[in-house]
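sequence and predicted structure below; questions after.
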Amino acid sequence: VDKTGTLTEGRPAVTEIHVAQGFAEADLLRLAASLERGSEHPLAEAVVRAAVDRGLALGEAQDFNSPVGKGVTGSVEGRSLAIGSDRFLAESGIDTGPLSAAAQALRGTGATGIFVAVDGALAGLIGISDPIKPNAAEVVAQLREQGVRVVMLTGDNRVTAQAVADRLGISEVEAEVLPGQKADVVHRLRAEGRVVAMAGDGVNDAPALAAADVGVAMGAGSDVAIESAGITLLRGDLAALLRARRLSRAVMSNIRQNLVLAFVYNALGVPIAAGVLYPAFGLLLTPAIAAAAMSLSSVSVISNALRLRLTRL
């Protein structure tokens, strides 16, 4: 399972802002939101929403770029910006050390800290929290009771991911993974002989959804995720994952019953039509009776399939 939007509400909100020396909180948020307007990531939407709620006037971003799974870069009002993880900023030679303690504290609570650099210098840290879905812990517990091994896949920092996993009772966490690496994890598990279902909602989850035996998209997720998945949970309710498994079991059971019904009709009807009883009893199936029997076979199968409507999910 993906974390953001699958195990969590997918509606993150800015909860804290830490600024580096020489920067003002309002300016930092305004510049960051102006650049993040070009991104579809839930964390970006949280930054933009926070700026709009404060009545800040947003500028136009230039040279916008969004390296997959890393962050965003661009310029606003002639100032160069880079927004993302400490690892992403480090690749550009920006030292995030002055705010690393604040970031670690955020991660310990399950929140995400994104760093903002302006003109090549660390400008601040924005703390974003995404509430865990109310029924997520219960769903994970039921899946484990049913013998399903639950693994969290997320691009978030390991400390943040582990904090969420601990609250949900998930013991296996693959954190700080890029979209392609999520698919690699799925391939690795399948190579071990596992049957893998992947549940996610974002563009970043699409490769893993396509790579899994069964891809499960949350209905409130991106179109790419929905197109890549085999099953879509329309309301994005995680408990629907349990209902989908129950329905799938009922469908497979029903298919087997229908095969038996069809086999019984043919096992009885074909020999009689071929004349196996004619020498002893003079019995044959006329074309009319054979057609009626064939129709009755179809009616029986369809009637049995309609019983699925009574399945308690």
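Structure's in. What do you need?

C-alpha only now, for contacts and for neighbours.
OK.

using the three-state scheme, assign residue 101.
Secondary structure, DSSP: H, G, I helix; E, B strand; the rest coil: residue 101 is helix.

and the nearest residue to residue 128 once chain neighbours are set aside, how many neighbours?
Of all residues not flanking residue 128 in the chain, residue 14 sits nearest, at 4.4 Å (CA to CA, 6 or more residues apart in numbering). Residue 14 has 21 neighbours, counted by other CA atoms under 10 Å.

tell me the mean pLDDT over the host helix or strand of residue 279?
Taking DSSP states H and E as the criterion, the element that holds residue 279 is helix 278-281. Mean per-residue pLDDT for helix 278-281: 81.

next structured bit after it?
helix 287-306.

may I have that following helix exported as PDB, CA atoms only?
Output of helix 287-306 as PDB, limited to C-alpha atoms (Å, rounded to 0.1, in the frame of the first residue of the first chain):
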ATOM      1  CA  PRO A 287     -34.200 -31.700 -30.600                       C
ATOM      2  CA  ALA A 288     -36.900 -29.800 -28.800                       C
ATOM      3  CA  ILE A 289     -36.200 -31.400 -25.400                       C
ATOM      4  CA  ALA A 290     -32.400 -31.000 -26.000                       C
ATOM      5  CA  ALA A 291     -32.900 -27.300 -26.700                       C
ATOM      6  CA  ALA A 292     -35.100 -26.900 -23.600                       C
ATOM      7  CA  ALA A 293     -32.400 -28.600 -21.500                       C
ATOM      8  CA  MET A 294     -29.700 -26.400 -22.900                       C
ATOM      9  CA  SER A 295     -31.800 -23.300 -22.100                       C
ATOM     10  CA  LEU A 296     -32.500 -24.600 -18.600                       C
ATOM     11  CA  SER A 297     -28.700 -25.100 -18.100                       C
ATOM     12  CA  SER A 298     -28.200 -21.400 -19.000                       C
ATOM     13  CA  VAL A 299     -31.000 -20.300 -16.700                       C
ATOM     14  CA  SER A 300     -29.500 -22.300 -13.800                       C
ATOM     15  CA  VAL A 301     -26.100 -20.800 -14.300                       C
ATOM     16  CA  ILE A 302     -27.400 -17.200 -14.500                       C
ATOM     17  CA  SER A 303     -29.800 -17.700 -11.500                       C
ATOM     18  CA  ASN A 304     -26.900 -19.000  -9.500                       C
ATOM     19  CA  ALA A 305     -24.700 -16.000 -10.500                       C
ATOM     20  CA  LEU A 306     -27.500 -13.600  -9.500                       C
END
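
and that helix, how far out from the chain middle?
In this view, helix 287-306 has its centroid 42 Å away from the chain centroid, taken as CA atoms, centre = their mean, to the nearest Å.

before we move on, what about stretch 177-192?
14 Å.

any idea of the mean pLDDT in that stretch?
What stretch 177-192 shows for mean pLDDT is 90.

hmm, who's touching it?
The set of residues external to stretch 177-192 that reach it, using CA atoms under 8 Å, 6 or more residues apart in numbering, is 68-70, 153-156, 195-196, 198, 204-209, 211-212.

pull out the buried positions in it.
Of the residues in stretch 177-192, 177, 178, 179, 181, 182, 183, 184, 185, 186, 187 count as buried by neighbour count, 16 or more other CA atoms under 10 Å.

so residue 150 is in contact with residue 169, correct?
No: in this structure residue 150 lies outside contact range of residue 169 using CA atoms under 8 Å: 9.5 Å.

look at those two and report which has more neighbours.
Neighbour totals were compared for residue 150 and residue 169, and residue 150 leads with 19 against 15 (other CA under 10 Å).
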